[in-house]
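[1] just the structure for this:
(2 chains)
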Amino acid sequence: MNSEPLLQATPSGDVLKLRPEGPWTAANVSVLETLSRSVGADVGRFRAVTLDMSGVSALDTLGAWVLEKLSRRASSSGRSAEFVGVADHFSGLLDEVRGVNRHTPALAAAPNPILLRLSDLGKATVGAREDITIFLQLLGALSMAVIGVLRHPRSMRLTSMVYQLYRIGWQAIPIVALITFLIGAIIAQQGFFHFRRFGAESYTVDMVGILVLRELGVLIVAIMVAGRSGSAYTAELGSMKMREEIDALSTMGLDPVHVLILPRVAALVIALPILAFIGSIAALYGGGLVAQFYGGMGPAIYIARLHDAISVTHFEVGILKAPFMALVIGIVACSEGLRVKGSAESLGRQTTTSVVKSIFLVIVLDGLFAIFFASIGM
Amino acid sequence: MSEPQKEFAIRVRDLVVGFGRQTVLDHLSLDVRKGEILGLVGASGGGKSVLMRTIIGLIPRREGTIEVMGQAIGGRRQGAALTWGILFQQGALFSSLTVRQNVQFPLRENLVLSQELMDEIAIAKLEMVGLLPEDGDKYPSELSGGMTKRVALARALALDPPILFLDEPTSGLDPIAAGDFDELISTLQKTLGLTVFMVTHDLASLTTVCDRVAALADGKIVAIGPMHELLQSEHPWVRAYFHGKRSQMLQHEMR
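    Got it, this is the predicted structure:
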């Protein structure tokens, strides 16, 4: 038995005799490809080709296909090609291979790059409209569920909501407090460093207080919640969708919006203002520490300045935004979760989309609120 | 066992496998001859899949030896795909790859060959398992249960391995599709000269395609032989399995 496959080509008159030898198997595929390519050019110059199979010691689908391809190339231009000396145990495989690859599916023509760009743009436009529709649909379904709960308060999934509250609220407190504390400290340090040059150090407290309470506290917390809890919602609902759990719920006569989405969104709407409050206080505390150790301003002065600089209005402006941001994060996360298709890749894609989209919308919403509050003079 | 060693594709000797305190396989011995289709039956949760997974190295064993094609196995090996192909119960197709890429995956990872040849082989394999070349561009989530099994079979056969493991190949298929699948396996087994190790509950598959049937009970092989011998077996579990109400009904219908 040969360890290397061979292919001998002997021309005799008009006929090209090919004699493959040795193991024609997948393990030797690179040799087989070279062999068939080297003979391939010769095949066209003869009127007939015979393949003498008596020397083949082992054959598998791949080897049989390479030989079949040679014989097809020979017979394609009206020449004759035949297999001779086929051992009994190979004939079944050769017959099988003879039947395959007879019609190649029409390959999609390479698309025109400009048209491709245009069609992508069109799809993105339609997709954006679809996004808005889905958002509004879910908002509507959620409102219906809320009305249902108001009518029959017992139908609220209280256990589920409390559990979600624990996960996204209580468990998030340490990390939220730590990050907002650091942000507050950094803002205060920058304030002292730059305001010192024109002797306006004391205004640092005004800056920290207003910035944190009006904008940063709630914005940072909302972005963190979108990354931490929104992604979890999308992944949970997505894998439930993949395993047909959501279909199972519907067939039992339960509304997935009522059972799965309402408790989650409600928990977010309750938790985000609380987290934003904790975050703001942590940021003010961080600013106070920097004021004492870096700016040389004692706690009593810091608190007194803070008292003068900020009013309840600033706090209200910040905290009023929180429930709306929570609603946006919750709806985006849940709707992206429900759009997951069968594959693992789609779950990953929807989770990414959910986080990116909810952070984007939170910032847009913040901008709209800024305009709104400015125009009503808050 | 007087037959020479090279007659066997798989030899399992005194295999012990367990999890924690529980012993699933207790000094089990089993020989699979080259070129046969062996069906393995056993109670649900009785260790059939554990035996299969132990042979292919997914579950560690406590004692005993396993030889595949004359080579003792231990741990994960390079080129395992050249030795065996495995059809998992749920197909286990890679969901982010198309059908064609799924079939090409073992080729790509184990061999060096041109993309053109790889495409042709993939289509050839798909046609051999009764699918259309057009199906090659679909994703696994777009396939029906029967098609998933066929694609999984095409992937298992991609490298023409000498041994094919099938874990409940006909479960979840309608009787017509299951019959077709049985026929397909038997045709491919004849053409490619495969050894097939099949875990199944399908009495029709056992009767029509299996050369021999092994019954696994209490962690041991309690009976092995052609179907008609197993029907005569006196072992209480084997009797209960083949002469229970459901089986009787089926066998009666088949006669």
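
[2] can we go C-alpha only for contacts and neighbour counts from here?
    Fine.

[3] chain B contacts on chain A?
    A:26-27, A:29-30, A:33, A:60-62, A:65, A:89-90, A:92-93, A:96-97, A:100-101, A:104-105, A:341-345 (C-alpha under 8 Å from any C-alpha of the partner chain).

[4] point out the residues in the stretch 151-255 of chain B that sit beside chain A.
    B:159-160, B:190-192.

[5] tell me the secondary structure of the nearest residue to A:Val56 once chain neighbours are set aside, please.
    The spatial neighbour of A:Val56 that comes closest, neighbours along the chain excluded (C-alpha to C-alpha, 6 or more residues apart in numbering or on different chains), is A:Glu21 at 4.5 Å. At A:Glu21, secondary structure determined by DSSP: H, G, I helix; E, B strand; the rest coil is strand.

[6] quick check: which element contains A:Pro111?
    Secondary structure from DSSP states H and E places A:Pro111 outside every helix and strand.

[7] burial of it, as a residue count?
    Using other C-alpha atoms under 10 Å in any protein chain shown, the number of residues around A:Pro111 comes to 9.

[8] could you do A:Val162 as well?
    As a measure of burial, A:Val162 has 16 neighbours, counting by other C-alpha under 10 Å.

[9] if I read this right, the residue nearest to A:Val56 contacts A:Asp52, doesn't it?
    No. If you go by C-alpha atoms under 8 Å, A:Glu21 and A:Asp52 don't touch, sitting 9.1 Å apart.

[10] okay, those two: which has more neighbours?
    Neighbour count, other C-alpha under 10 Å: between A:Glu21 and A:Asp52, A:Glu21 has more, with 21 against 18.

[11] ramachandran coordinates for B:Gly225?
    Taking degrees, to the nearest 10, you get phi 160, psi 180 for the backbone angles of B:Gly225.

[12] and the nearest residue to it once chain neighbours are set aside, how far from chain A?
    Leaving out its chain neighbours, the residue that sits closest to B:Gly225 by C-alpha to C-alpha, 6+ apart is B:Arg212, at 4.9 Å. Shown here: B:Arg212 relative to chain A, a distance of 22 Å by C-alpha to the nearest C-alpha, to the nearest Å.

[13] so B:Arg212 touches B:Pro226, yeah?
    Yes. Using C-alpha under 8 Å, B:Arg212 is in contact with B:Pro226, at 4.2 Å.

[14] more neighbours, those two?
    B:Arg212 (21 against 17).

[15] list the contacts for that one?
    By C-alpha atoms under 8 Å, 6 or more residues apart in numbering or on different chains, the contact list for B:Arg212 reads B:36-39, B:224-227.

[16] which one of the residues you listed is nearest to chain A?
    B:Glu36 (15.1 Å; C-alpha to the nearest C-alpha).

[17] and the contacts of whichever strand or helix holds B:Ile121?
    According to DSSP H and E, B:Ile121 maps onto helix B:115-128. If you take C-alpha under 8 Å, 6+ apart as the criterion, helix B:115-128 is touched by A:62, A:65, A:96-97, A:100-101, B:100, B:103-104, B:107-108, B:132-133, B:136, B:150-151, B:154, B:157-158.

[18] go through that helix and flag the buried ones.
    Within helix B:115-128, the residues scored as buried using 16 or more other C-alpha atoms under 10 Å in any protein chain shown are B:117-128.

[19] swap in stretch B:88-95?
    Buried-residue list, stretch B:88-95, by 16+ other C-alpha under 10 Å: B:88-89, B:91, B:93-95.

[20] cool, stretch B:136-144 as well?
    B:136, B:139-142.

[21] and the residues you listed near chain A, which?
    B:140-141.

[22] quick one: the strands in the stretch 1-150 of chain B, in order.
    For the stretch 1-150 of chain B, applying DSSP state E, counting those that start in this stretch gives strands covering B:8-19, B:22-33, B:37-42, B:63-68, B:71-72, B:84-87.

[23] off-centre distance for the fifth one?
    The chain centroid and the centroid of strand B:71-72 are separated by 19 Å, computed with C-alpha atoms, centre = their mean, to the nearest Å.

[24] hang on, the earlier thing: which of the contacts of B:Arg212 has the most neighbours?
    Ranking those using other C-alpha under 10 Å puts B:Gly39 first, with 28 neighbours.

[25] run a quick neighbour tally on A:Leu260.
    Residues near A:Leu260, counting by other C-alpha under 10 Å: 19.

[26] how far away is it from chain B?
    Applying C-alpha to the nearest C-alpha to A:Leu260 and chain B gives a distance of 24 Å.

[27] excluding residues flanking it in the chain, which one is nearest A:Ala177?
    Nearest one to A:Ala177, counting by C-alpha to C-alpha, 6+ apart, is A:Gly279 at 5.2 Å.

[28] quick one, what contacts that neighbour?
    Counting by C-alpha under 8 Å, 6+ apart, A:Gly279 has contacts A:176-177, A:180-181, A:217-218, A:221.

[29] and it, what pLDDT?
    With respect to pLDDT, A:Gly279 has a value of 96.

[30] let me know the secondary structure of it.
    helix.

[31] list the contacts for the closest residue to chain A within the stretch 151-255 of chain B?
    Relative to chain A, the nearest point of the stretch 151-255 of chain B is B:Thr191 (5.1 Å; C-alpha to the nearest C-alpha). By C-alpha under 8 Å, 6+ apart, B:Thr191 lies in contact with A:89-90, A:92-93, A:96.

[32] in ChimeraX, how would I select the buried members of those?
    With 16+ other C-alpha under 10 Å as the burial test, the buried ones among these are selected in ChimeraX as follows:
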select /A:90,92,93,96
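
[33] in a markdown table: the contacts of B:Thr191, plus pLDDT.
    As requested, these are exported to a markdown table (pLDDT from 0 to 100):
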| residue | pLDDT |
| --- | --- |
| A:His89 | 74 |
| A:Phe90 | 77 |
| A:Gly92 | 75 |
| A:Leu93 | 77 |
| A:Glu96 | 76 |
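
[34] take the contacts of B:Thr191 and keep only those in strands.
    Of the contacts of B:Thr191, none are assigned to strands by DSSP state E.

[35] what about the contacts of B:Thr191, which are in helices?
    Members of those lying in helices (criterion: DSSP state H): A:89-90, A:92-93, A:96.

[36] count the residues that sit near A:Asp42.
    13.

[37] just checking, what packs against whichever strand or helix holds it?
    Using DSSP H and E, A:Asp42 maps to helix A:29-43. Applying 3 or more C-alpha pairs under 8 Å, 6 or more residues apart in numbering or on different chains; DSSP states H and E, one finds that helix A:29-43 contacts strand A:6-12, helix A:61-76.

[38] how does it look with 10 Å?
    strand A:6-12, strand A:15-24, helix A:61-76 (3 or more C-alpha pairs under 10 Å, 6 or more residues apart in numbering or on different chains; DSSP states H and E).

[39] reformat these as CSV; add mean pLDDT.
    CSV is the format used below for the helices and strands packed on helix A:29-43 (pLDDT from 0 to 100):
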stretch, mean pLDDT
strand A:6-12, 79
strand A:15-24, 80
helix A:61-76, 79
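
[40] can you put the ones you listed in JSON lines and add distance to A:Thr234?
    Listed next are those as JSON lines, based on distance: least, C-alpha to C-alpha, whole Å:
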{"stretch": "strand A:6-12", "distance to A:Thr234": "57"}
{"stretch": "strand A:15-24", "distance to A:Thr234": "51"}
{"stretch": "helix A:61-76", "distance to A:Thr234": "44"}
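
[41] ok, so of the buried residues of stretch B:136-144, who is nearest chain A?
    B:Ser141 (5.1 Å).

[42] now the helices: where do they sit in the stretch 101-250 of chain A?
    A:113-151, A:158-168, A:173-195, A:203-210, A:217-225, A:231-242, A:245-251 (DSSP state H, counting those that start in this stretch).

[43] now do the third one, average pLDDT.
    What that stands for is helix A:173-195. pLDDT averaged over helix A:173-195 gives 95.

[44] so who does the closest residue to chain B within the stretch 151-300 of chain A touch?
    Taking C-alpha to the nearest C-alpha, chain B has its nearest neighbour within the stretch 151-300 of chain A at A:Met242, 9.7 Å off. Contacts for A:Met242 (C-alpha atoms under 10 Å, 6 or more residues apart in numbering or on different chains) come out as A:236, A:337-344, A:346-347, B:141.
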